[in-house]
Each structure stands twice: as structure tokens, then as C-alpha cells.
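**Q** Sequence and predicted structure, then a few things I'm wondering about:
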Amino acid sequence: MVIAYGRAMNDLLSGWLTDDGHCLDVRVYFEDTDFSGVVYHARYLHFLERGRTDFLRLKGIGHRELAEGAYGEPMAFAVRQMGIEFLRPARIDDVLRVETRTHLLGGARIVLDQKILRGDEVLIEARVKVAVISPDGRPRRMPEAVSAILGAPAPSP
């Protein structure tokens with residue numbers, strides 16, 4: 001099967017929506033590891049960020065569009081708090097799955113639960129509190145259109 005570059009390719013790179021969130025597969029490369037071939041702890045933040053970003057992307061919400069005011073006033077999402085539990089290490093060449101689920105959708109924040117798995121084995125669990133901010137960094141309410149998109153179930157395939 002041949003897939004043309006463009007939207008179809010971008011969608012493939014962005015993982016997929018599920019009934020209750022999003023999944024993204026990532027491979028562990030040499031650059032993600034320490035000298036022993038184990039993933040360096042800070043690299044998990046990159047994997048989690050990709051999961052959150054691609055969750056938004058597949059929901060139709062791009063960071064650029066948010067910043068440009070596509071939903072009213074310009075806005076952005078900023079991580080306000082993150083709790084991470086490191087349960088097991090990942091290693092070079094592992095294929096990991098980043099799962100992202102909305103735990104709470106509020107007027108000015110989102111709380112997401114994220115996991116990184118290798119097969120059925122949970123390696124990382126994280127709870128991420130994300131604030132809605134204006135371009136000057138002040139908190140603001142989430143536009144109703146964005147809230148509606150984030151609260152909507154995944155479209156049927």
C-alpha cells in the first residue's frame with residue numbers, strides 16, 4: 001500500500017484516537033538512552049508530550065491554530081503540574097505505547113492520565129495538569145469550542 005505524503009501520512013505519524021483517549025507508538029532510539037541502553041528518565045517527558053500533542057492534533061486542535069486565535073482569543077496549553085511514577089525501565093529498540101486519557105476537563109484546565117507501556121507492561125504512569133493560558137502567560141478560560149472538541153467521543157472509523 002502506498003500512502004501519499006500530506007494529511008494521511010501526518011495522521012499515521014500521530015497515532016490514533018480510542019473510545020476514551022489516544023494511543024501513540026514510539027520507538028526507543030540510541031539518543032533516548034544512557035550509556036547502559038536504558039531510557040534516560042527525562043526522555044519520558046518527550047514521549048508524554050508527543051502523546052498529548054498528537055491527541056490534540058487528531059482531535060483537530062493544533063498548537064499553531066490555538067496561538068493564532070482560531071477559537072477566539074489566542075491561547076496555549078501549559079503544563080502546570082506533573083506527577084510521574086517510574087515503574088520499569090525501557091531499553092534501546094523497545095517499541096512503546098503512549099496512552100493519553102482525559103481525567104478532568106474544566107473551565108481553565110485539563111487533567112490527563114498518561115501511561116507508557118511495553119506490550120501489556122506498564123512502565124510509566126503520569127497525571128498531568130494542563131492550564132489554559134493567554135499569550136502573556138496569564139490563566140484564561142478555555143473557549144467553549146475547544147472544550148466541546150476535547151469532550152467529544154472519538155469518531156467512528
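**A** Received, thanks.
**Q** make it CA atoms for all contacts and neighbour counts henceforth
**A** Noted.
**Q** mind listing the helices for the protein?
**A** 7-13, 43-58, 63-67, 144-151 (DSSP state H).
**Q** Mind checking those helices for the one nearest to Val26?
**A** Checking those against Val26 by CA to CA gives helix 43-58 as the closest, at 7.4 Å.
**Q** Check which helices and strands the closest one sits against.
**A** strand 16-18, strand 21-27, strand 95-105 (3 or more CA pairs under 8 Å, 6 or more residues apart in numbering; DSSP states H and E).
**Q** Starting from the shortest one, tell me which strands it pairs with and how they run.
**A** Strand 16-18 pairs in its sheet with strand 21-27 (antiparallel), by DSSP bridges.
**Q** Report the angle between the strand it pairs with and helix 144-151.
**A** Computed by axes from the mean of the first three to the mean of the last three CA atoms, to 10 degrees, the angle separating strand 21-27 from helix 144-151 equals 70 degrees.
**Q** now what about strand 21-27, what contacts it?
**A** 14-17, 47, 51, 54-55, 93-102, 154 (CA atoms under 8 Å, 6 or more residues apart in numbering).
**Q** Just the buried residues of it, please?
**A** Buried residues in strand 21-27, counted by 16 or more other CA atoms under 10 Å: 21-26.
**Q** And for Lys59, the neighbour number?
**A** Lys59 has 21 neighbours, counted by other CA atoms under 10 Å.
**Q** give the contact list for it.
**A** Lys59 is in contact with 149-150, counting by CA under 8 Å, 6+ apart.
**Q** which non-adjacent residue is nearest Val111?
**A** Nearest residue to Val111 in three dimensions, chain neighbours excluded: Lys129, at 4.5 Å (CA to CA, 6 or more residues apart in numbering).
**Q** Can you tell me how far the closest residue to Asp32 other than its chain neighbours is from Phe86?
**A** With sequence-adjacent residues excluded and distances taken as CA to CA, 6+ apart, Asp32 is closest to Val39, at 5.5 Å. Val39 is 11 Å from Phe86, where distance means CA to CA, to the nearest Å.
**Q** Ok, Arg64 next?
**A** Distance, Arg64 to Phe86, using CA to CA: 32 Å.
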